[in-house]
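> Test case, fold it:
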Amino acid sequence: MSIEKPSGILAPVDWQQRTWSRAEAKHLLWRAQFGASAQEIARVHADGPAKTLARLLAPQPESTAFTAADSLLHRAAMDTGSADDLKAWWLHRLFHSANPLTEKLTLFWHNHFATSIAKVRSTAAMSTQNGLCRREALGSFRRLLHGMTQDGAMLVWLDGNANRRRHANENFAREIMELFALGEGNYSEKDIKEAARAFTGWHVREDQYWFNRAQHDEGIKTVFGKTGALGGGEVVDLCLAQKACPRFLATKLLRAFVLPQPTEAMVAALAARLRAHDFAMAAVMGELLASELFHGIQTRGTIIKGPAELALGALRALDGQPNLRTVNAVMSLLGQDIFQPATVKGWEGGRMWITSASLLQRANFAAALTGTNQLGSIQSPDARARGADTAPAAIVAHYTDLLLARPPAQESRQRLESYFADATGDGADRIRGLLHLIMAMPEFQLM
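Residues are numbered from 1 along each chain as shown. Below is the predicted model of the structure:
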């Protein structure tokens, strides 16, 4: 059965009637991956939106160098059992993979199904869960939700082994409804209690799901008005069938990829597409990233960068090679310790990224990146100006266009030009100082 194309606010942009500009290319890249270099922006501008989206949504072959480094870093994490080694492995993927949208969605799902190695205490189990998120990043949320209910790390995280026939533990059932599928207010306490019985005996042994039949309650249960000898899989399907499920997911996707406060109309429109595609994420994300809504001017510079977007994005924009361990430490200080979210709710994001402490850390990050090689090397900044217009106005325009979601106010631009014109030192030093000033601007915190 064919699926009707989206209409209204999710209708695709007609690029024959509208200019595909460098600003459009940069906007798409900043939302679909972690930052964008000048070369990437130029490539996407030349390729156009259709070719770019096809590349982002379809699996791309990884380079030999990437595959070798990925294998080495993963093996090291498995051999040492070190959380820091596991984080370094994933940071390498987040930054270097030829499938950046897949990695960005893997981080989105990691936050959605927030699980911490601090409790799980197994790099193997956390890696397996990470692989599930990656396989279904642009796959099926239906399969992903089912997979998470039989994921070893998740079962440890939510006390699956404590859920027994005579003493049902509600943690697992509650979080599936509240945090993973429906959101608060869309289920009853009776639904939780009955669903918990359906998941009894869903245990973990040696980091793997194990159905402990002796501890499974095979009695009659009623969840969302459906009565029978329900098992866990049937409860998951009942959650997916609720009207609240696509709305809950649509709200999260809009906040992560479009704008922080989506309207009711936006949520309803995206929820309808999720339902129409039966939660097939490649189709949904393809429509979202091609839509009038996504490309509307009102979406530009509205999302506060998370630590991964801030740190990895700046390094990518400046053609950097990150020091994985120090970047991981910085991201942790900024509030995003991957594989170790603070609570079952994950990182709330948005304005919660910005506190007095994190603003200081963000300023320190800008100083470290532009002043030392502590976070990784960046291309000699004066190389960008070599052979081009070296007037202060041209240099400022180049770097503000590269690093900011929107052009700076005239007063800010004039101050940057004055600084660069009056600064002492060689070309690289002057540009590093300029970069530091741009990255210290409030506008740099937005994408």
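
> Touching, Leu138 and Leu105? I think so.
Yes. Between Leu138 and Leu105 there is a contact under C-beta atoms under 8 Å: 6.4 Å. For the C-beta atoms, the positions are set from N, CA and C on the backbone; glycine is no exception.

> what about the helices in the stretch 51-200 of the chain?
64-80, 83-96, 100-112, 117-120, 123-135, 141-149, 152-157, 171-175, 189-198 (DSSP state H, counting those that start in this stretch).

> Looking at Leu138 and Leu105, which is more packed in?
Neighbours were counted for Leu138 and for Leu105 using other C-beta atoms under 10 Å; Leu105 has more, 25 against 22.

> that older thread, find residues that contact each of Leu138 and Leu105.
Met281, Met285 (C-beta atoms under 8 Å, 6 or more residues apart in numbering).

> Make a markdown table from the helices of the stretch 51-200 of the chain and add mean pLDDT and distance to Gly335 to it.
A markdown table is the format used below for those (pLDDT from 0 to 100; distance: least, C-beta to C-beta, whole Å):
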| stretch | mean pLDDT | distance to Gly335 |
| --- | --- | --- |
| helix 64-80 | 98 | 23 |
| helix 83-96 | 98 | 15 |
| helix 100-112 | 98 | 12 |
| helix 117-120 | 98 | 15 |
| helix 123-135 | 98 | 20 |
| helix 141-149 | 98 | 24 |
| helix 152-157 | 98 | 20 |
| helix 171-175 | 97 | 22 |
| helix 189-198 | 98 | 30 |
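
> Can you tell me which of the ones you listed is most buried?
Mean neighbours per residue, mean count of other C-beta atoms under 10 Å, is largest over the helices of the stretch 51-200 of the chain for helix 152-157, with a mean of 24.

> which residues touch that one?
With contact meaning C-beta under 8 Å, 6+ apart, helix 152-157 is reached by 113, 115-116, 119-122, 125-126, 128-129, 148, 160-161, 172, 202-204, 207-209, 344.

> what about 6 Å?
Contacts with helix 152-157, where a contact means C-beta atoms under 6 Å, 6 or more residues apart in numbering, come from Thr115, Lys119, Val120, Ala125, Met126, Gln129, Met148, Val204, Asp207, Gln208.

> What is whichever strand or helix holds Leu360 packed up against?
Using DSSP states H and E, Leu360 falls within helix 356-371. Packing partners of helix 356-371 (3 or more C-beta pairs under 6 Å, 6 or more residues apart in numbering; DSSP states H and E): helix 427-439.

> Just the buried residues of the helix it packs on, please?
Using 16 or more other C-beta atoms under 10 Å as the test for burial, helix 427-439 gives Gly427, Arg430, Ile431, Arg432, Gly433, Leu434, Leu435, His436, Leu437, Ile438, Met439.

> Excluding covalently adjacent residues, which one is nearest to Lys252?
Nearest residue to Lys252, sequence neighbours excluded (C-beta to C-beta, 6 or more residues apart in numbering): His112, at 6.6 Å.

> what separates Ala329 from Ser412, distance-wise?
31 Å (C-beta to C-beta, to the nearest Å).

> how does the chain divide into domains?
13-49, 64-241, 307-445 (automatic domain parsing).

> Compute the first-to-last residue distance for the last one.
What that stands for is domain 307-445. 10 Å (C-alpha to C-alpha, to the nearest Å).

> try the longest one
From its first residue to its last, domain 64-241 covers 43 Å (C-alpha to C-alpha).

> Show me how far that domain is from its chain's centre.
How far domain 64-241 lies from its chain's middle: 17 Å, per C-alpha atoms, centre = their mean, to the nearest Å.

> which residues sit against stretch 20-37?
With C-beta under 6 Å, 6+ apart as the test, stretch 20-37 has contacts from 41, 44-45, 48-49, 56, 100-101, 104, 257, 308-309, 312-313, 316-317, 319, 447.

> again, but for stretch 45-61
In contact with stretch 45-61 (C-beta under 6 Å, 6+ apart) are residues Trp15, Trp20, Arg22, Ala25, Ala32, Val44, Ala98, Asn99, Leu101, Ala282, Gly286, Leu289.

> Just give the nearest non-adjacent residue to the first one, would you?
Just to be clear, that refers to Trp15. Once flanking residues are discounted, Trp15 sits nearest to Pro49: 6.0 Å by C-beta to C-beta, 6+ apart.

> Counting neighbours, what do you get for that neighbour?
Other residues close to Pro49 by other C-beta under 10 Å number 19.

> How about the one 5 residues further on?
When neighbours are counted by other C-beta under 10 Å, Ala54 registers 11.

> The one 4 residues further on now?
For Ala58, the neighbour count with other C-beta under 10 Å is 13.

> In this structure Phe66 contacts Arg93, no?
No. Counting by C-beta atoms under 6 Å, Phe66 sits too far from Arg93 to count as a contact (8.5 Å).

> Tell me which residues touch Met331, please.
Pro307, Ala311.
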